[in-house]
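Enquirer: Have a look at this prediction, sequence included:
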Amino acid sequence: MTRHVRAHWTNAILVCGKCSKKLGGGFGKGGKLPLAKALRKHLGIAKGRKAVTGIVEVKCLGICPKRAVCVIDTANPGAWKLVPDGSDVVDVARDLGLSGRAAD
């Protein structure tokens, strides 16, 4: 028998952890945060199943672009995105269809 765990997510964003690690940050104020953490901070959401949107760092998506992070919006799984390092988190969130609090 399979058990179910309830989550409050309306959608999920998968962020390649290997790409993020290779960049050593590159996003947010001062360019020191990984993309997943910068998006969560910008949107004002926490990690875990109680958040409105799930922003999950996964091991490796297999694209491995130079100076960018691979991202999948599960609402549109056929169109993977490559986010260059140093991109404005506000623009990235808007491109992914995410809304949250104003930029810090």
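Expert: All right, it came through fine. Numbering: from 1, shown residues only.
Enquirer: Surely L14 is in a helix?
Expert: No - L14 sits outside any helix when classified using DSSP: H, G, I helix; E, B strand; the rest coil, being strand.
Enquirer: quick one: contacts for the residue lying closest to it once chain neighbours are set aside?
Expert: Once flanking residues are discounted, L14 sits nearest to I72: 4.3 Å by C-beta to C-beta, 6 or more residues apart in numbering. Backbone N, C-alpha and C define where each C-beta goes, glycine included. Shown in contact with I72 (C-beta atoms under 8 Å, 6 or more residues apart in numbering): 13-14, 61, 80-81.
Enquirer: now swap in T10 and tell me
Expert: Contacts here follow C-beta under 8 Å, 6+ apart; on that basis T10 touches 52-53.
Enquirer: same deal with K81?
Expert: Taking C-beta under 8 Å, 6+ apart, we find K81 in contact with 70-73, 95-96.
Enquirer: Can you pull out the low-pLDDT segments for the protein?
Expert: 100-104 (pLDDT under 70).
Enquirer: where along it do the helices fall?
Expert: For the chain, the helices defined by DSSP state H occupy 17-23, 35-43, 89-95.
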